[in-house]
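Student: Here's my sequence, what's the structure:
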Amino acid sequence: MATTKGIDCAVPLTGEKAKTMAAAGMKFVCRYLVPTSMAWKRLTRAEAEVISTAGMKVVSVFQRGNNDAAGGAANGKRDGAAAYREAKMIGQPEGTVIYFAVDYDAQPKDYGELEAYLRAAANEVPGYLVGVYGSYAVVEEMAKRGACQRFWQTYAWSKGQLSKSANLYQYKNGQTLAEHNVDLNDGLGNEGWWDTNPQQVDKPVNKCKIGLRLEGWERETGLKAIDSLAAKGLLNEPDKWKQRLTDDPAGVLSELPWLMFTMLDRITEKPKK
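Tutor: A predicted model of the protein is given here:
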């Protein structure tokens, strides 16, 4: 299995340390989204830029104490809201992952509360995927329950086992790199990391400009067709499709071919100019 080398650390990185770590082959750094009351370990936008400039990715993890996740839904709601504020403050792109830590030897009696914690946290972080950090047993159980989408396993409490669900694997603690205390990790794929570099987004082709323009009466016909389809239970969210008909009529007609036929039925009533 191809792996990607990285580290996690509690204390923020300086620019020089980030460069040294990148030169040593590290490709990502796991850092903490935490409230300002825990400033000593808190990831800031400035540090995220330092990590990105060095050519590494950022993995976001939220953790207050070691076993806060055992507090269930109430703690999940609290921590999810806090993580969301931090993620937005530092500019973490949506679609990436926020991991929530289960940093103790959780037992089967805890699993229900851990699941409730993760699901409650997920409700508070719209736009982001949720991951869990924990032992082999925690990763296996939360994956089986579908409690979250990504998994960061630690070797601790794992008895030498590695879950097939793991996206990250922390395999050695208490190491020193660039005179910084770090834990060593492997990226195993679909880690959900990010950086502060401008996101590369493929611009959609504006089909309106290159092939299809709707005259006023044609647009009105399309709006009536959407209402007709919605009334028959054939189309959900009609307001969304109406807006799209204005912005991208060719795209709407390619996605909803039956709308084209409904429009054709109505076009026979084309008004005189």
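Student: which residues of the stretch 101-250 of the chain fall in helices?
Tutor: 111-123, 136-145, 207-210, 216-231, 238-247, 249-255 (DSSP state H, counting those that start in this stretch).
Student: Ranked by average pLDDT, which of those helices falls at the bottom?
Tutor: Looking at the helices of the stretch 101-250 of the chain, the lowest mean pLDDT belongs to helix 207-210 (a mean of 42).
Student: could the helices of the stretch 101-250 of the chain go into CSV alongside mean neighbour count and distance to residue 180?
Tutor: For every residue, glycine as well, the C-beta is placed using N, CA and C. Shown next, in CSV, are the helices of the stretch 101-250 of the chain (neighbours: other Cβ atoms under 10 Å; distance: least, Cβ to Cβ, whole Å):
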stretch, mean neighbour count, distance to residue 180
helix 111-123, 21, 29
helix 136-145, 20, 27
helix 207-210, 12, 51
helix 216-231, 17, 58
helix 238-247, 15, 49
helix 249-255, 17, 50
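Student: Show me how far stretch 162-182 is from its chain's centre.
Tutor: Centroid separation for stretch 162-182 versus its chain: 21 Å, with Cα atoms, centre = their mean, to the nearest Å.
Student: Any buried residues in it, and which?
Tutor: 162, 163, 166, 167, 168, 169, 170, 177, 178, 180, 182 (16 or more other Cβ atoms under 10 Å).
Student: any idea how far residue 68 is from residue 37?
Tutor: From residue 68 across to residue 37, the span is 14 Å (Cβ to Cβ, to the nearest Å).
Student: more crowded one of the two?
Tutor: Each of residue 68 and residue 37 has its neighbours counted (other Cβ atoms under 10 Å); residue 68 has more, 20 against 8.
Student: For that one, which non-adjacent residue is spatially closest?
Tutor: Using Cβ to Cβ, 6 or more residues apart in numbering and skipping the chain neighbours, the partner closest in space to residue 68 is residue 75 (5.1 Å).
Student: Residue 22 too?
Tutor: residue 54 is the one closest to residue 22 (Cβ to Cβ, 6+ apart), at 4.2 Å.
Student: per-residue confidence at that neighbour?
Tutor: pLDDT, read off for residue 54, is 98.
Student: Any idea how many residues pack against the residue lying closest to residue 131 once chain neighbours are set aside?
Tutor: Take residue 131 and drop its neighbours on the chain: the residue closest to it by Cβ to Cβ, 6+ apart is residue 150, 3.3 Å away. Counted with other Cβ under 10 Å, residues neighbouring residue 150 total 23.
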